[in-house]
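Novice: no sequence on this one, just coordinates:
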């Protein structure tokens, strides 16, 4: 029997195209299909506060893209050349190659100034977004188990972003960045024992040295971005593994996530990326930042007046400015406390933020997985501590502008400095008290709403002449949102058995902290089902 022409096979029998073969090859070795399929089934909570984390990612992408563009034109060298560019006031002056190339980017490269300013603005937005995102995580308790590692990754990202900004800020080798470097060098030299070695390694010899710009350039464009990219990937991977947290509400439990599917989320995220990038480029186009041509090239024997660091380093500069000029002399050595103590205070301020989740977990003793978020009002002590931490940051930031505050408001710089010194001790205490009282007041209002309903504003006169306001009962969804949070009870004395005297003080400390967090004056007890039934049945 002769051969016959047979129709093309379909389904499993048809021949695969080259694209399908490539997809099958990749899926068989990388498992991409399973990963994509699992991701497509995920839901993402739809709450405005989650956009803060997305701003971090999108501004980081803008930083990378603009940074790559700038590396094509920037020359990281301290070698001296004669400036002969478009900016006439500086022509004929000796400048470093770093300063010269930055001036060329600003005046002679097409679109260079826009990209350079977008890079700077994106860095400022990125650090601000990371800090605000971490505060959102802090105030809502999203750092609790099993997300402690993700909190540490976010904290590491904040610290890395600050150092990335510091190294990039100093690359143009202008007078403003040089003034900041002199402060950095003084702070390093104040470190006991290893300070001189740190300074020598960083500057390649005596300050300012000739190796600083190349070393900072390597750190800025290679070392720190590589670590940050790894941290961001690890952060997102853990986020997908643990799933998103969400606020309490109808249908939301500790084991599910309620929100739009990933397809909708992806479309919204794409639009949001262009919005973030657009705002950054609009700011770069209309708001001048870091005009190095006004400062001029760095001269070690000069200091620019009114010099201010970027806002995220302002806390360190403010602590340095308000610290008295104390020194200790012993064994032929001098310990410069006016630099060393502010350095330690800044380190302790950030370490307190980094280790806080572990302190709260130790106080509560709760090792369960927490996937539902707290409202800040439901944790008054935590909210008060967070506001107090931010108040220290703000007061120190004001200290970094003590000279400008004095000149603009016609005050004595000593008066401003002393006000900041007192403020660093007084303002955090007041901020803690006010924030805690506000949270307790909101808790008390929630309790009244649960028991008596929502005030309608309608006044009714009863038959015997009394005027009362009509209250509208809350829906089940509203009742759930106001009462779904868990309230811890303070640990009683003797909770932990001590086998030796070494653990007695930790037990007492834990009991005292527990009472401070969840004691009588630390939270308003939410209504029990029995109380709610008695009140509603009475109505």
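Specialist: Everything's here; your move. Worth saying up front: this structure is predicted, and the values here are computed from it rather than measured.

Novice: contacts, neighbours, all on C-alpha from now
Specialist: Noted.

Novice: Would you map the helices across the stretch 101-250 of the chain?
Specialist: With DSSP state H, counting those that start in this stretch as the criterion, the stretch 101-250 of the chain has helices at 112-140, 148-169, 175-189, 195-203, 212-218, 224-242.

Novice: quick one, which of those helices is nearest to residue 271?
Specialist: Among the helices of the stretch 101-250 of the chain, the nearest to residue 271 by C-alpha to C-alpha is helix 112-140 (17.5 Å).

Novice: Report the angle between the closest one and helix 148-169.
Specialist: For helix 112-140 against helix 148-169, the angle by axes from the mean of the first three to the mean of the last three C-alpha atoms, to 10 degrees is 150 degrees.

Novice: i'd like the first residue to be 2 from this point on
Specialist: Will do, 2 is the new start, and the previous item becomes helix 113-141.

Novice: elements contacting helix 113-141?
Specialist: helix 52-72, helix 98-108, helix 149-170, helix 263-287, helix 381-400 (3 or more C-alpha pairs under 8 Å, 6 or more residues apart in numbering; DSSP states H and E).

Novice: which helices and strands does the longest one pack with?
Specialist: Helices and strands touching helix 263-287, as assessed by 3+ C-alpha pairs under 8 Å, 6+ apart, comprise helix 33-41, helix 52-72, helix 113-141.

Novice: How far does the helix or strand encompassing residue 426 sit from its chain's centre?
Specialist: Taking DSSP states H and E as the criterion, residue 426 maps to helix 414-453. The chain centre lies 22 Å from the centre of helix 414-453; the measure is C-alpha atoms, centre = their mean, to the nearest Å.

Novice: That one: which residues count as buried?
Specialist: For helix 414-453, a neighbour-count test (16 or more other C-alpha atoms under 10 Å) marks 414, 417-418, 421-422, 424-425, 428-434, 436-445, 447-448, 450-453 as buried.

Novice: State the mean pLDDT of the helix or strand that that helix is followed by.
Specialist: From helix 414-453 onward toward the C-terminus, using DSSP H and E, the following helix or strand is strand 455-462. Taken as a whole, strand 455-462 has a mean pLDDT of 85.

Novice: Could you spell out the sheet neighbours of strand 455-462, each with its direction?
Specialist: strand 468-473 (antiparallel) (DSSP bridges).

Novice: which residue sits closest to residue 460, ignoring its sequence neighbours?
Specialist: residue 470 (4.4 Å; C-alpha to C-alpha, 6 or more residues apart in numbering).

Novice: hang on, that neighbour packs against residue 454?
Specialist: No - Residue 470 lies out of contact with residue 454 (C-alpha atoms under 8 Å); the separation is 10.9 Å.

Novice: Tell me which of those two has more neighbours.
Specialist: residue 454 (18 against 12; other C-alpha atoms under 10 Å).

Novice: For residue 452, see how far away the nearest residue to that one once chain neighbours are set aside is.
Specialist: Leaving aside its sequence neighbours, residue 454 sits nearest to residue 474 (C-alpha to C-alpha, 6+ apart; 4.3 Å). For residue 474, the distance to residue 452 equals 9 Å [C-alpha to C-alpha, to the nearest Å].

Novice: What count of nearby residues applies to residue 323?
Specialist: 23.

Novice: Ignoring the adjacent residues along the chain, who's closest to it?
Specialist: residue 418 (5.5 Å).
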